[in-house]
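Trainee: return a 3D structure for these sequence lines:
(one chain, ligands or ions: 1)
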Amino acid sequence: MDKEALRSVAKEYGTPAYIFDLDMLKKRIRMIQRSLGEEIRLCYAMKANPFLIGPIRQLISKYEVCSPGEFRICEKAGIDMQQIVLSGVNKERADIAYVMGRYGSKGIYTIESAGQLEVLESCAKECQVVIRALIRVTSGNQFGVDEEEICRIIERREAYPHVQIVGLQWYSGTQKKKMAKIEKELLHLDEFLGLLRGKYGYEAEELEYGPGFYVPYFTSDEEIDEEKMLGEFRSILERLHFSGRITLEMGRYIAAYCGYYLTSIADWKVNQGQRYCIVDGGIHHLTYYGQAMAMKIPHYQYIWMQEEGAGGEAASVRKDIDTGIEKDADVEKAEPWNICGSLCTVNDVIVKQLPLKNALIGDVIVFERVGAYSVTEGMYLFLNRDLPQVLFYSQDGGNGVQMIRQRKGTDEINGIGAVML
Ligand SMILES: Cc1ncc(COP(=O)(O)O)c(C=O)c1O
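Mentor: Predicted coordinates:
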């Protein structure tokens, strides 16, 4: 979104707010699909941003769903169960029974442990369905199943007549910069699938792989030639012996770029020679993977909200609304500002030494590339500030800006309300 579009959103809706550019999101998914080839299926890991599941339903094959809450979000959005990969550790028996009871054999499940396989088998038996499942291969943490254990399961797969094991799932982590690491993982999985074929006569139909592709968040990060990177990845896939279906499970890489977070300067001061802006949002609304002590500058836009000339351009003098202090708008030199949020903690520093020209109360800072994980990973309840509004933006669909979630208080979640002790 350009500055003018962002300025009018800030004017009309206020801040703090997230706005997700659906046109950009869809264009990106099409670019990914085109670069990888139509035969590769895309699975959106909705933990990155559950708000996006509806708008992209025509463009992706599946959704990776990791909790009963995520499942309910899909149900409310009318997502077809056929598109759901019910994933995650600790799938509770009651939740599995609900899904199988209601949706029968639709969808696909992941197996995170030998115990989970037993529960899936017994629930499927009770519901008289045969379900499809992928065994998650561990990458050396609490997730997935050890390869030796997978061999034992595959060897005695006949013991699970209600669970058809259709293949493997793998995800080892995010923000992978090096294609060599991805290549190593894929070659290893290919070899393991070969071993299962050779030793147990097991032919997997599907490999669901989470590449954990990298998104450059900071101005100091090198930008990526996306089509070149995806082309390299595609050539690795083409070299695999595995000839079944390949599904790519991705969150960040799909969603990050479409998100903008708008926050306004609420106050400013100079303390012991350092300039501080206090904005109406804060670190509870923003998650930049790899941010270290607020030292790196994320991609951002700075928007002057007041003192526009008749044509909408910034006037030559800007006046601070509260203090009346006038500033020369044509000042050449940017000043370094520490951008701090509204939380009552010294940790609430979004970025240090951000060079701004004439920062004034009411101006809006727009943090970019926040489409993934900022809406889900923030520490939203700390200090009980409100949840920001969520907006959609689309020119192609003719919808313009749509309010998706109003600003929402958190006091009901963390307070005792009328209940007196
Ligand atoms: C199993 C699984 N798949 C996919 C993803 C999405 O990862 P990313 O956002 O790096 O694409 C995650 C993220 O935690 C995950 O746990």
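Trainee: next, the residue of the stretch 101-250 of the chain found nearest the ligand: secondary structure please.
Mentor: Proximity of the stretch 101-250 of the chain to the ligand (C-beta to the nearest ligand atom) peaks at residue 174, 3.2 Å away. For the C-beta atoms, the positions are set from N, CA and C on the backbone; glycine is no exception. What DSSP: H, G, I helix; E, B strand; the rest coil gives for residue 174 is coil.
Trainee: who is residue 45 paired with across the strands?
Mentor: Here residue 45 sits in beta bridges with residue 64, as judged by DSSP bridges.
Trainee: what's near enough to touch it?
Mentor: Neighbouring residues of residue 45 by C-beta atoms under 8 Å, 6 or more residues apart in numbering: 63-64, 66, 210, 249-251.
Trainee: out of those, who's near the ligand?
Mentor: Counting by C-beta under 6 Å from any ligand atom, 64, 210, 249-251 from these sit close to the ligand.
Trainee: which one of the residues you listed is nearest residue 43?
Mentor: residue 249 (4.4 Å; C-beta to C-beta).
Trainee: any idea how far the most centrally placed residue in the chain lies from the ligand?
Mentor: The residue lying closest to the centre of the chain (C-alpha atoms, centre = their mean) is residue 48, at 2.1 Å. Distance, residue 48 to the ligand, using C-beta to the nearest ligand atom, to the nearest Å: 5 Å.
Trainee: hang on, residue 342 in a strand?
Mentor: No - counting by three-state DSSP, residue 342 is located in no strand; its state is coil.
Trainee: spatially nearest residue to it (excluding sequence neighbours)?
Mentor: residue 282 (5.2 Å; C-beta to C-beta, 6 or more residues apart in numbering).
Trainee: for that neighbour, what are its contacts?
Mentor: 263, 340-343, 348, 350, 385 are the contacts of residue 282 under C-beta under 8 Å, 6+ apart.
Trainee: let me see the mean pLDDT of whichever strand or helix holds residue 10.
Mentor: Here residue 10, judged by DSSP states H and E, is contained in helix 3-13. Mean pLDDT, helix 3-13: 96.
Trainee: any chance you could list what contacts the helix or strand that comes right after that helix?
Mentor: Beyond helix 3-13 on the C-terminal side, the first helix or strand identified by DSSP H and E is strand 17-21. Here strand 17-21 makes contact (C-beta under 8 Å, 6+ apart) with 1, 6, 9-10, 49, 51-52, 258-262, 285, 370-371, 374-375, 388-394, 401.
Trainee: so where's this protein uncertain?
Mentor: Counting by pLDDT under 70, the ranges of the chain that qualify are 307-332, 418-421.
Trainee: partners of the longest strand anywhere in it in the sheet?
Mentor: Using DSSP state E to define each element, the chain has its longest strand at strand 259-271. Here strand 259-271 is paired, per DSSP bridges, with strand 17-21 (antiparallel), strand 274-279 (antiparallel), strand 364-368 (antiparallel).
Trainee: the first one versus helix 3-13: what angle between them?
Mentor: It stands for strand 17-21. 130 degrees (axes from the mean of the first three to the mean of the last three C-alpha atoms, to 10 degrees).
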